[in-house]
Each structure stands twice: as structure tokens, then as C-alpha cells.
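Undergrad: Next one to model:
(one chain, ligands or ions: 2)
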Amino acid sequence: PTPVVLDVDTGVDDACALLLAALHPALDLRAVSCVGGNAPVDDVVRNTLLVLQTAGRADVPVARGAERPLLEAPHDARHVHGDDGMADLGWGPAAATVDPRHAVEMLRDICREAAEADRPVTLVPLAPLTNIALLLRTYPAAAQGISEIIFMGGAAHVGNATASAEFNVFHDPEAAAITLDAAADLGIPVTMYGLDVFYEPVITPEAAAELVAVGGRGPAELGGRLMDFQRERLGGDATIGDAGAVCAVIDRAALRTETLPLRVELAGSWSRGRTIVDRRGWSGAIERDPHGEAPVRVEVALDVDGERYARLWRDTLLGRTGEP
Ligand code: BDR
Ligand code: CA
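TA: Ligands and ions are numbered 1, 2, ... in the order given. Take a look at the predicted model:
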């Protein structure tokens, strides 16, 4: 199995991603780092521990990371994720305890061990990139233990937090810019799983009902309840959201990407936090722009077989991954 580490702000969609990463046999979930984003970081830690407990994976180390973005005050997302950041499920405290290390220190240790064992991890950030920026700037040698970064964030087209910007990048634009810059310097390949594909893997009300009906307070029931909450809270179709970035680790062939120049807008009155993807297609164009440093080249996800990813997620929660 592919060793993976998730960085999360659980969060309804991150819960969906955690369930998949914890349960799919093609993945070896080594650790989870938490950051403030969709919810305050202490809620994120509790939610993450409880999701892993529900998946029967309380053995996975979970560490608390950055409380706030590098520069700005945090932005509240309770209107999307509920007051507890977790669909208002009313969960109590978690039975498992948080790792004593700061998330950045835990990530450093995991990366060092991965490098020593010659089993580098796929790093999957699903949240503001604060922890990852701090990791790569503070401990650049961690790059030796990272085979690639597949992050949920950004968009080639429109945003969600604002008309221009996707939430994770909007929440901490400096961290996103630092992460991309550091990854390019350190030779870590990066894929952006952004809003251009985020909404495609849809869970129908019937499919959610099938999951809920499994009951037993297990992963299937939790996944179904999260889909119902999302549909009722936001309207429209429920999507597995951030879990799609985990699907991309398992089934890359269902994702169409292009290698494109990418910048993060750090100024802008209306566009701060936008990921600017240059699709002009004439070689070197953006390098000639008089805006300072060259952009980073990233694999940008532009299209996905949403039905395939939705099925992968559902089947995993139903324990059907082993079937032919
Ligand atoms: C992001 O916002 C949150 O709802 C999701 O967890 C995801 O990380 C999408 O913009
Ligand atoms: Ca998230």
C-alpha cells in the first residue's frame, strides 16, 4: 500500500477523506496532522480522533498544528460545517489522545522515518497549508521523505470563499504560496485537486440512505449522515469533496491533469487567495510577465470521472473494496 499522510481541518469533507484513507487497503495511513480552518484547531483534533475511532483506526497518530493562518485572523466556516465543525453531530470527547508533538514536529519525524526506510509518503493536505509551509521552511530535509503532494485547494476557474478564491488558499494565502515555492525548490511534485473537480463526485440521496441504513455508528452510517447534512445545509448535490484528493492517490487514471504555471495572488482587493493558472499555452508566456518571480509548475486537475470516485468512496465505506 501507498504510505499517506493527511493534513486536515475536519470538517465534514475532511471526515469523508479520513474515512477513505483509513479504510482503503491500497493506502497505509501513517499519520494525520490538524490545522485550524473549517473549525478551530481543537475542534479539528477532536473531530479527527472521533472519525478515526469510528473507522476502527484509533492507532493512527493525530497531532495538533497551527491554530491560525500565518498572517490573517482565521475565517469562520461554521455556517458550512456546523457549530462543532462536524455536522452538529453532538459528539463528546474522543477516547484516543492526541500525539504530544506539534503537528510540524510529527510530520518532520514521519518524513525522516520514511526517508530512512526508503518509503516516501504521499502528503495530502486538505486544509489551509499553514502546517505544510511551516514544515517545508523549517525542516526542508523532510522533502526526502515526501514522494509527492496532492492538495485540495485552489481553482483554475472560480472560487467558493470569494468569487476568486477557494477556501483553503483564501484562509492562508501566504502558506499556499510558500508551500508551492518550497515544493518547487525541493523538487517535490505537486498536484492541485481544486474546485474544477471538487464538486464532481456526487452522492445521491438514495446512495446516502443506503450508507445510513448500515447503522451501528460505523463508517458507512457516518458517511451517509455527512452527505445528508451537506445536502440539507448547502442545497444542491452532496459531494465527497476533499475525499476526491484521496481518491486521486488510489485511482489516478480517473483524473485528467495538465502541467501548468501557477501563482497565488497575495495582494488584490477582490482576488486575494486566488490561484492563477496560466492556460494561455504559449511557452514561457508567464515568465515574461513583469510580476517578479517565475511561477511554479503544478499538475492541475481539470477533469475527473466523478462517478468513479463517488463509487470508490461508497464501496470503501461499505467494505466492498475486496470484491472483483
Ligand atoms: C474546502 O472547504 C471545505 O469545505 C473543504 O473541507 C475543503 O477543504 C473547499 O473549498
Ligand atoms: Ca478541508
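
Undergrad: Just give the nearest non-adjacent residue to the residue nearest the centre of the chain, would you?
TA: Of all residues in the chain, the one closest to the mean position by C-alpha atoms, centre = their mean is residue 126, 1.5 Å from it. Nearest residue to residue 126, sequence neighbours excluded (C-beta to C-beta, 6 or more residues apart in numbering): residue 242, at 4.1 Å. C-beta: built from backbone N, CA, C; applies to glycine.

Undergrad: tell me the contacts of that neighbour?
TA: By C-beta atoms under 8 Å, 6 or more residues apart in numbering, the contact list for residue 242 reads 8, 11, 13-14, 16-17, 126, 152, 198.

Undergrad: Farthest pair within those residues?
TA: 8 and 198 (15.4 Å; C-beta to C-beta).

Undergrad: More neighbours: those two, which one.
TA: residue 8 (31 against 24; other C-beta atoms under 10 Å).

Undergrad: just checking, the more buried one touches residue 39?
TA: No. Residue 8 is beyond contact range of residue 39, at 10.2 Å (criterion: C-beta atoms under 8 Å).

Undergrad: part of a strand, is residue 28?
TA: Yes. Counting by DSSP: H, G, I helix; E, B strand; the rest coil, residue 28 is found in a strand.

Undergrad: For it, the count of nearby residues, please.
TA: Burial measure for residue 28: 15 neighbouring residues, criterion other C-beta under 10 Å.

Undergrad: How about the one 3 residues further on?
TA: When neighbours are defined as other C-beta under 10 Å, residue 31 has 22 of them.

Undergrad: mind listing what's buried in the least confident helix or strand in the chain by mean pLDDT?
TA: Least confident helix or strand, the chain: helix 78-81 with a mean of 82, by mean pLDDT, DSSP states H and E. Within helix 78-81, the residues that count as buried by 16 or more other C-beta atoms under 10 Å are 80-81.

Undergrad: what helices or strands is the helix or strand just after it leaning on?
TA: Using DSSP states H and E, the helix or strand that follows helix 78-81 in sequence is helix 103-116. The elements that helix 103-116 packs onto, with contact taken as 3 or more C-beta pairs under 8 Å, 6 or more residues apart in numbering; DSSP states H and E, are strand 2-8, strand 27-34, strand 62-64, strand 121-125, helix 130-138.

Undergrad: What mean pLDDT does the last one get?
TA: Model confidence over helix 130-138, given as mean pLDDT, is 98.

Undergrad: What of the first one?
TA: Confidence over strand 2-8 (mean pLDDT, whole number) is 98.

Undergrad: Check the shortest one too.
TA: In this model, strand 62-64 has a mean pLDDT of 98.

Undergrad: elements contacting that strand?
TA: strand 27-34, helix 41-54, helix 103-116.

Undergrad: Of all the ones you listed, which one is nearest ligand 2?
TA: helix 41-54 (9.4 Å; C-beta to the ion).

Undergrad: mind listing what's buried in the closest one?
TA: Result for helix 41-54 [16+ other C-beta under 10 Å]: buried residues 41, 43-54.

Undergrad: Please apply the same query to stretch 129-141.
TA: For stretch 129-141, burial by neighbour count (16+ other C-beta under 10 Å) applies to 129-136, 139.

Undergrad: any chance of those in CSV, with distance to ligand 2 too?
TA: Shown next, in CSV, are the buried residues of stretch 129-141 (distance: C-beta to the ion, whole Å):
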residue, distance to ligand 2
129, 11
130, 12
131, 12
132, 13
133, 16
134, 18
135, 17
136, 19
139, 23
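
Undergrad: from those, which single one is nearest residue 271?
TA: residue 129 (18.1 Å).

Undergrad: so who does the closest one touch?
TA: 7, 151, 153, 168-169, 172, 175-176, 178-179.

Undergrad: Could you give the separation of stretch 128-145 from the chain centroid?
TA: Averaging C-alpha positions (C-alpha atoms, centre = their mean, to the nearest Å) puts stretch 128-145 16 Å from its chain's average.

Undergrad: what's the first-to-last distance across it?
TA: 21 Å (C-alpha to C-alpha, to the nearest Å).
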